[in-house]
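**Student:** Provide a 3D model corresponding to the input given below.
(chains A and B)
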Amino acid sequence: MLKIFPILLGLFFIYSCTGTYEKNMAELDEVYGCDSPHKNLSKSKYRACLAKQRAGGETMFDLADSFDGLLGKGEGNVVYKSSVNPYLWNASLEVTEKYPLKIADNQGGLIETDWIYENNNINQRCLIKIHIKSPELITTGVSSNFLCEKKEGETWIIENYDYIEEEKQITLKILEIAGNLASKSL
Amino acid sequence: MNKIKYLLSAIPAALFATSASADISVSGSASAAYTDAGGNASSTMGGGVSFAMSGTTDGGVSISASAGISNDSDSVGSASGSSGVTALTFGFANGSITVGQDVGTPDGVGKVGELVAYADDNQVAKTAVVGLTEDEGDGVSVSTSIGDMSLTAAYVYDGAGGGNVDGAANTAAGASLSMAVGSGTLTLATADEDRNGTNNTEFGASYVMSAAGGTLSLGFTGTDGDTAAKEGEAVSAAFSTSLGGASVAIGYTSHDANNQQSNQTDVTASSSLGGGASIFAEYTTVSGDIAANSSTADATVIALGTSVSF
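**Tutor:** The predicted structure follows:
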């Protein structure tokens, strides 16, 4: 078996361009959850994974509501709970305030700017999409996307390029502003 | 890349002024459980804080690491500890390489019916248990995809954690391969261990598919080698589904090793409470060739508890 390892390592490099890794890992996570044989989890990390997995499951017999009822919460009141964290939402609006917005859906947590043009480069245009995905202020609760097009003749064509670093910068800025807003509200 | 910089120049410079070049995130989890083993009731409490760090090289290779503070969450005693970075993972376009002190071989793949995480505390031992002894240690693992197949290989060069690359007494190696077959997912895995000259090999297979409104898992484990007590086969099955809003699973595993047979039946249920919290219940019982019950351990154990993910 030990002799096989260098061969497998070589295979890794040979097949390192097929581009299906993340998709396959996501599918295996769906099938196996924390027990995926392709996850190398230590005991403590496995416990943490299990806690997160169980918390993400279904709610039995609306127990959460029942507990609220026992504690006297919500009696006679109509409670609206937004699925969009207000700090992340306001921070996203602040980040995009310089640009015209095409979509600002605070129910779905989606912000999309109109096309952004630059005087020095009128043959390219980009827009920013921001999605608030969580009612809680967590680092994975917001994602940003850049979508750019270039003009060829009279036709705008989507650029085949991932602006990963730029998207990360915007997400980090939103988290920073959201964190400051949350701190001020305490 | 250069083109977008024109556009980004329209965004105020202050927007990115304080952006970090690396991501550091903090997460936590905690759990509290009550277990009952034949009248011997215990409480367990634990959890920890985990720091995850990542960065990206100019060439696009992601590098991630984690460190943590933990308190063992499934033992009666408190076992708090802290660890610095014990592994570095380098992520490429189609895979990753991990160099670490807690690298493990893909053993146990076929034991799909062993479900409980807390209720096995204070349970009597099964006499027949197939599988390996070596779990994790200093080593390197590689994970990649070949089309729709996922391949992971691991080599533990020092199971004692002494950092001895070429002369350790305890070593292990293994590989697992997962692929879609029919309507389900098939995983095949093999792992070898060498514990000071005592060699054992485990082969595991599992098949997971949708069935009857839930998920059916079937597994097989075979062990061969120098340790007679571990030589044999285990068959395992599990079914999980949602029932009345709760996630419910039942599992069964039968070990047949060295002419002895031990069986384990597990039932788990959990329900989300929102906000990262959940409640859970676990039941496990073992039968066949097992150790005798005692004042502290029993063949049947239940656990009730809650866990929170922050």
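**Student:** Only C-alpha atoms from now on, for both contacts and neighbour counts.
**Tutor:** Will do.
**Student:** Could you work out the end-to-end span of stretch B:145-162 for me?
**Tutor:** Taking CA to CA, to the nearest Å, stretch B:145-162 runs 31 Å from one end to the other.
**Student:** Number of residues surrounding A:Glu154?
**Tutor:** A:Glu154: 7 surrounding residues under other CA atoms under 10 Å in any protein chain shown.
**Student:** is it true that B:Ala229 touches B:Ala128?
**Tutor:** Yes. Between B:Ala229 and B:Ala128 there is a contact under CA atoms under 8 Å: 7.0 Å.
**Student:** pLDDT weak spots in the chain?
**Tutor:** Using chain A. Scanning chain A for pLDDT under 70 picks out A:1-19, A:57-81, A:186.
**Student:** wait, I meant chain B there
**Tutor:** Residue ranges of chain B with pLDDT under 70: B:1-22, B:73-79, B:134-135.
**Student:** what's the longest strand in it?
**Tutor:** Criterion DSSP state E: the longest strand present in chain B is strand B:40-56.
**Student:** mind listing the strands for chain A?
**Tutor:** Remark: strands assigned in chain A by DSSP E are A:101-105, A:110-113, A:116-118, A:121-132, A:142-152, A:155-158.
**Student:** Can you tell me the closest non-neighbouring residue to residue 136?
**Tutor:** Chain wasn't specified; assuming chain A. With CA to CA, 6 or more residues apart in numbering or on different chains as the criterion, A:Glu136 has its nearest non-adjacent residue at 5.4 Å, and that residue is A:Asn85.
**Student:** my bad, the chain I had in mind was chain B
**Tutor:** For B:Glu136, ignoring the flanking residues on the chain, the nearest one in space by CA to CA, 6+ apart is B:Gly104 at 4.1 Å.
**Student:** and that neighbour, how many residues sit next to it?
**Tutor:** Per other CA under 10 Å, the neighbour tally for B:Gly104 reads 28.
**Student:** one step back: who touches both of B:Ala229 and B:Ala128?
**Tutor:** B:257-258 (CA atoms under 8 Å, 6 or more residues apart in numbering or on different chains).
**Student:** Break chain A down into its domains, please.
**Tutor:** Chain A breaks down by automatic domain parsing into domains covering A:1-40, A:41-80, A:86-185.
**Student:** Need the distance between the two termini of the last one.
**Tutor:** Translated: domain A:86-185. End-to-end distance for domain A:86-185: 12 Å, by CA to CA.
**Student:** List the contacts of the residue nearest to the spatial centre of chain A.
**Tutor:** What sits nearest the mean C-alpha location of chain A, by CA atoms, centre = their mean, is A:Ser143, with 3.9 Å. When contacts are counted by CA under 8 Å, 6+ apart, A:Ser143 touches A:130-133, A:167, A:171.
**Student:** Tell me which two in the residues you listed are the farthest apart.
**Tutor:** Largest separation among the contacts of A:Ser143 by CA to CA: A:Lys133 and A:Glu167, giving 15.7 Å.
**Student:** can I get the domains of chain A in a markdown table with distance to B:Ala205?
**Tutor:** Below are these laid out as a markdown table (distance: least, CA to CA, whole Å):
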| stretch | distance to B:Ala205 |
| --- | --- |
| domain A:1-40 | 11 |
| domain A:41-80 | 19 |
| domain A:86-185 | 34 |
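**Student:** Burial check on whichever residue of chain B sits closest to chain A, number of neighbours?
**Tutor:** Relative to chain A, the nearest point of chain B is B:Gly245 (4.1 Å; CA to the nearest CA). Per other CA under 10 Å, the neighbour tally for B:Gly245 reads 17.
**Student:** what about B:Tyr283, which SS state?
**Tutor:** strand (DSSP: H, G, I helix; E, B strand; the rest coil).
**Student:** how about the closest residue to it other than its chain neighbours, secondary structure?
**Tutor:** Here the nearest residue to B:Tyr283 in space, its sequence neighbours aside, is B:Ile302; by CA to CA, 6+ apart that works out to 4.5 Å. At B:Ile302 the chain is in strand, as set by three-state DSSP.
**Student:** beta partners for B:Ile302?
**Tutor:** B:Ile302 forms beta bridges with B:Asp36, B:Tyr283, as assigned by DSSP bridges.
**Student:** who touches it in this structure?
**Tutor:** Contacts of B:Ile302 were listed using CA under 8 Å, 6+ apart, and they are B:35-37, B:119, B:281-284.
**Student:** related to what we said a few turns ago, given the longest strand of chain B, what are its sheet partners and their directions?
**Tutor:** Using DSSP bridges, the strands paired with strand B:40-56 are strand B:23-37 (antiparallel), strand B:62-71 (antiparallel).
**Student:** Next, give phi and psi for residue 119.
**Tutor:** No chain specified, so I'll use chain A. Dihedral angles of A:Asn119 (phi, psi; degrees, to the nearest 10) stand at phi -60, psi -40.
**Student:** oops, I was thinking of chain B
**Tutor:** With angles defined as degrees, to the nearest 10, B:Ala119 sits at phi -70, psi -10.
**Student:** Could you find the closest non-adjacent residue to it?
**Tutor:** B:Ala303 (5.0 Å).
**Student:** surely the one you found meets B:Tyr118?
**Tutor:** Yes. In this structure, B:Ala303 is within contact of B:Tyr118 by CA under 8 Å, at 6.4 Å.
**Student:** who touches both of the two?
**Tutor:** Counting by CA under 8 Å, 6+ apart, the residues touching both B:Ala303 and B:Tyr118 are B:33, B:35, B:282.
**Student:** who's B:Thr268 bridged to?
**Tutor:** Beta-bridge partners of B:Thr268, counted by DSSP bridges, are B:Ala249, B:Glu282.
**Student:** Figure out which of the domains of chain A is closest to B:Thr152.
**Tutor:** Taking CA to CA, domain A:1-40 is the member of the domains of chain A nearest to B:Thr152, at 6.0 Å.
**Student:** Against B:Gln264, how distant is B:Thr306?
**Tutor:** According to CA to CA, B:Thr306 stands 24 Å off from B:Gln264.
**Student:** mind listing the helices for the stretch 1-150 of chain B?
**Tutor:** Along the stretch 1-150 of chain B, counting by DSSP state H, counting those that start in this stretch, helices occupy B:2-8.
**Student:** now do chain A
**Tutor:** For chain A, the helices defined by DSSP state H occupy A:4-14, A:21-32, A:43-55, A:63-70, A:86-95, A:164-185.
**Student:** Using TSV, lay out these together with mean neighbour count and distance to B:Gly214.
**Tutor:** TSV is the format used below for the helices of chain A (neighbours: other CA atoms under 10 Å in any protein chain shown; distance: least, CA to CA, whole Å):
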stretch	mean neighbour count	distance to B:Gly214
helix A:4-14	15	34
helix A:21-32	17	12
helix A:43-55	21	16
helix A:63-70	13	22
helix A:86-95	21	36
helix A:164-185	18	37
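**Student:** Output those in JSON lines, with distance to B:Leu177 appended to each entry.
**Tutor:** What follows is these, written out as JSON lines (distance: least, CA to CA, whole Å):
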{"stretch": "helix A:4-14", "distance to B:Leu177": "12"}
{"stretch": "helix A:21-32", "distance to B:Leu177": "11"}
{"stretch": "helix A:43-55", "distance to B:Leu177": "21"}
{"stretch": "helix A:63-70", "distance to B:Leu177": "40"}
{"stretch": "helix A:86-95", "distance to B:Leu177": "40"}
{"stretch": "helix A:164-185", "distance to B:Leu177": "30"}
